[in-house]
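Engineer: Here is a sequence with its predicted model. Questions after.
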Amino acid sequence: MKKCTLLLIIISFGMIMTGCWNRIELDEISIAVAIGVDQLDNDLFEVSAQIVLPRLLRHDLAEENATLVYTATGRTVFEAMRRLGSIANGRIFIGHTQVLVLGESLTRAGIYDVIDFFERDHETRGETLVMTSKGISAQDVLQTKSIADPIPAIHITSIIENSVNVANTRILTLHDFIDELNCPGCELVLGTIGSGTSDKPELIKDLAIEGLIAFDGDQSIDYLNPTETRGYLWIKGEIEGGILVIPSPGDKNKLLSMEILHIISEMDVKLVDNKLVLVVNIQEEGNIGEQQVTKDLSTPEALSQLEEEKNKLIRSEIGAAFFKAQKELQVDLFRFGQLVHHKYPKLYKEIEADWNEAFSNASVEINVETKIRSTGLISAPSVPR
């Protein structure tokens, strides 16, 4: 569907860009579907663009990727983009960019110097997904090929969007990314794209699109592991699905998979004996998706045990995210500062200059309520006779 839409857009350009005093002919532009920005050792910015080749979108050439990656350097992103236009087929059009990848080298150095271009340019697409590379360059990400879609950027975008089913990364659009970057007292957290099987993967199936990276200001400081990542998503209420694997009642060596169907997440702050407490309330509902024991777990007693195990797992994941933010990074990754500002403005004014320190020393209260809706199509599993 996305490929057909993109092809229609390309055709429409030929129709709407005629008869105008400032028209741009279709053969004078190159449509970028992905942009990557790396920072080189000489402080130059390296900008890569994955460009669509319309002639390769023909059905008889479906086995071949219909894109080509161009790369250019510049002292600024704008300068590098203009240089890209001199080696590609005309000016780079970014109005249909699916994903923007910020290279690891860039995020370590600081991203303020490059974001202005994407915020200022009138062609920028606010729904573009923003990720950062991990262990490889942004150019390496754009160079990976797809065996599932002739446009690799669309394949990557689909994987990112489907991550809601496993809750292993964060989906952030360019619009929300800029909003979060400019938010007073907020710290940026981005999803990562790394190498899953080799130092320089050739195919998208070899990429690892999972995990998060935390920022302090405009600089990335550390990665969140899978447990911390899902804990962060619980706190922020950004989980839409996923699987919880817990020990089976009566046999800790056997496992049980629970599907997350619905959650309600609420963040709050309160003062107890004049001390700040950070509060997270979670309500979760799910189904039994798989069990390894032959015991009937549909009884009220068994279901209560399962709900308690889910409760413990969710609490531990949230606790891991808090420990990472408070004790290791000492940075408020969750926007609790905003809650304090709105609820206790006088207090926040007193501690605003040292908010991260206050955040790191605050107590945490985690309240989790879980419920099992059903056991699927069966109650008790099949038992060998």
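Structural biologist: Happy to help now that I have it. Numbering: from 1, shown residues only.

Engineer: Please go through the chain and pick out the longest helix.
Structural biologist: helix 300-323 (DSSP state H).

Engineer: Could I get the CA-only coordinates of the following helix or strand past it as PDB?
Structural biologist: Next along the chain after helix 300-323, taking DSSP states H and E as the criterion, comes helix 336-343. What follows is helix 336-343, C-alpha atoms only, in PDB (Å, rounded to 0.1, in the frame of the first residue of the first chain):
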ATOM      1  CA  PHE A 336       7.900  14.100  36.600                       C
ATOM      2  CA  GLY A 337       9.300  17.700  36.800                       C
ATOM      3  CA  GLN A 338       6.400  18.900  34.800                       C
ATOM      4  CA  LEU A 339       4.000  17.300  37.200                       C
ATOM      5  CA  VAL A 340       5.700  18.900  40.200                       C
ATOM      6  CA  HIS A 341       5.600  22.300  38.400                       C
ATOM      7  CA  HIS A 342       1.900  22.100  37.800                       C
ATOM      8  CA  LYS A 343       0.900  20.600  41.200                       C
END
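
Engineer: since we're on I263, how many residues are nearby?
Structural biologist: Counted by other C-beta atoms under 10 Å, the residues lying close to I263 total 21. For every residue, glycine as well, the C-beta is placed using N, CA and C.

Engineer: shouldn't it be in contact with I282?
Structural biologist: Yes - using C-beta atoms under 8 Å, I263 is in contact with I282, at 6.4 Å.

Engineer: residues bridging contact with those two, i.e. touching both?
Structural biologist: Any residue near both I263 and I282 by C-beta atoms under 8 Å, 6 or more residues apart in numbering counts here, and that gives W234.

Engineer: Wasn't A208 part of a helix?
Structural biologist: No - using DSSP: H, G, I helix; E, B strand; the rest coil, the secondary structure at A208 is strand, not a helix.

Engineer: Could you measure from it over to T192?
Structural biologist: Applying C-beta to C-beta, to the nearest Å, the value for A208 to T192 is 8 Å.

Engineer: so what pLDDT did the residue lying closest to P381 once chain neighbours are set aside get?
Structural biologist: Distances taken as C-beta to C-beta, 6 or more residues apart in numbering put T294 closest to P381, at 5.5 Å, once the chain neighbours are dropped. What the model reports for T294 is a pLDDT of 85.

Engineer: For T294, give me its contacts.
Structural biologist: 380-383.

Engineer: Could you point out which of the residues you listed is nearest to E104?
Structural biologist: For the contacts of T294, the residue nearest E104 by C-beta to C-beta is P381; the value is 45.7 Å.

Engineer: Just the ones of the contacts of T294 in strands?
Structural biologist: Counted as lying in strands by DSSP state E, out of those, is not a single one.

Engineer: Just send the residues you listed back as JSON lines, with distance to A34 too.
Structural biologist: Formatted as JSON lines, the contacts of T294 follow (distance: C-beta to C-beta, whole Å):
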{"residue": "A380", "distance to A34": "50"}
{"residue": "P381", "distance to A34": "45"}
{"residue": "S382", "distance to A34": "47"}
{"residue": "V383", "distance to A34": "52"}
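
Engineer: Show me which of the residues you listed are buried.
Structural biologist: Among those, none counts as buried by neighbour count (16 or more other C-beta atoms under 10 Å).

Engineer: got the CA positions of the one helix or strand S105 maps to in CSV?
Structural biologist: Following DSSP H and E, one finds S105 within helix 104-109. Output in CSV follows, covering the C-alpha atoms of helix 104-109 (Å, rounded to 0.1, in the frame of the first residue of the first chain):
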residue,chain,number,x,y,z
GLU,A,104,25.5,7.4,17.2
SER,A,105,28.5,9.7,16.7
LEU,A,106,26.2,12.7,16.2
THR,A,107,24.0,12.0,19.3
ARG,A,108,27.1,11.6,21.5
ALA,A,109,28.4,15.0,20.3
